[in-house]
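[1] take this sequence and fold it.
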Amino acid sequence: MAKKVKPYKDSEASKKAQVTQMFDTISKEYDGLNRIISFGIDVKWRDKVVNLVAETNPDNILDIATGTGDLAISLTRTSAKEIIGLDISDGMLEVGRKKIATKKLDSTISMVIGDSEDLPFDDNTFDAVTVAFGIRNFENLEKGLSEILRVLKPNGVFVILETSVPTNPVYKFGYNTYSRYILPTIGKLFSKDRVAYRYLSESASVFPYGEKLNNILRKIGFINVMDRPQTMGVATIYTSSKA
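    Predicted coordinates for the structure are as follows:
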């Protein structure tokens, strides 16, 4: 008999197991709730990521924590001939596979189940690597970033899109109020999993952002590290490359 994975609400379960089960549970409602929670602004943020990647004319791209494939699908607007979307949640990937099939993008995008901290690819494989709203879910951030550096080709670009906390006191107050009270309430109203959206807001509030994340990237070995705050600082796009 297969060993049961502990529910992600159980503090004894690993973060990896918790995150996997959480996203499997909310996979079918994730896209719709994402649009509601972000007021649709996340689409514009992803477009900026696509534009930054497109500037480098990549032949192949790895999109880590691809989820339901939103960013992977948008990345088809670049010059890439091959895009691989990797995620630890098969539930999210299954939703993504259906979207890709509907858009007839199967020849360009492959969806692969895998662990960001143990990537199933050779060294120096990808021209570009992206992570959108997934890096804060890494169980071991530095290990995951080291794996990304390993599979990235020399001169390849690494782009992160992640939530952050505004530095302006007024915007920060509004952000904290929204993330602590309104976001979990929306989750309760529209999701069968009431705890998941509380986790998403809490994880965002404690994750290093801005110069703290820049310094972690530099420590791992990335160069040309830069952060670009978006929409009053509620999200940030980070770009870096491999020497």
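[2] every contact and neighbour count from this point should use C-alpha atoms.
    OK.
[3] how about the helices in the chain?
    Applying DSSP state H to the chain gives helices spanning 15-38, 41-54, 70-74, 90-102, 141-151, 169-177, 183-190, 196-206, 211-220.
[4] report all helices and strands that the lengthiest strand in the chain contacts.
    Once the chain is assigned using DSSP state E, the strand that runs over the most residues is strand 152-163. In this structure, strand 152-163 packs against helix 41-54, strand 126-132, strand 235-241, with contacts taken as 3 or more CA pairs under 8 Å, 6 or more residues apart in numbering; DSSP states H and E.
[5] point out the most buried one among those.
    Of those, the one with the most neighbours on average (mean count of other CA atoms under 10 Å) is strand 126-132, at a mean of 26.
[6] name every strand pairing with that strand and say which way it goes.
    Counting by DSSP bridges, the strands paired with strand 126-132 are strand 60-64 (parallel), strand 152-163 (parallel).
[7] quick one, which of those strands is nearest to residue 35?
    When the strands paired with strand 126-132 are compared by CA to CA, strand 152-163 sits nearest residue 35, at 14.6 Å.
[8] what about the closest one, distance to the chain center?
    Taking CA atoms, centre = their mean, to the nearest Å, the mean C-alpha location of strand 152-163 is offset from the chain mean by 12 Å.
[9] got the contact list for the longest strand of the chain?
    45-46, 49, 53, 56, 123-136, 204, 234-243 (CA atoms under 8 Å, 6 or more residues apart in numbering).
[10] please redo it, this time with the cut-off set to 6 Å
    Residues external to strand 152-163 that are found in contact with it (CA atoms under 6 Å, 6 or more residues apart in numbering): 124-133, 234-243.
[11] same check, this time on stretch 76-96
    Contacts with stretch 76-96, where a contact means CA under 6 Å, 6+ apart, come from 20, 24, 27, 54, 57-69, 108-115.
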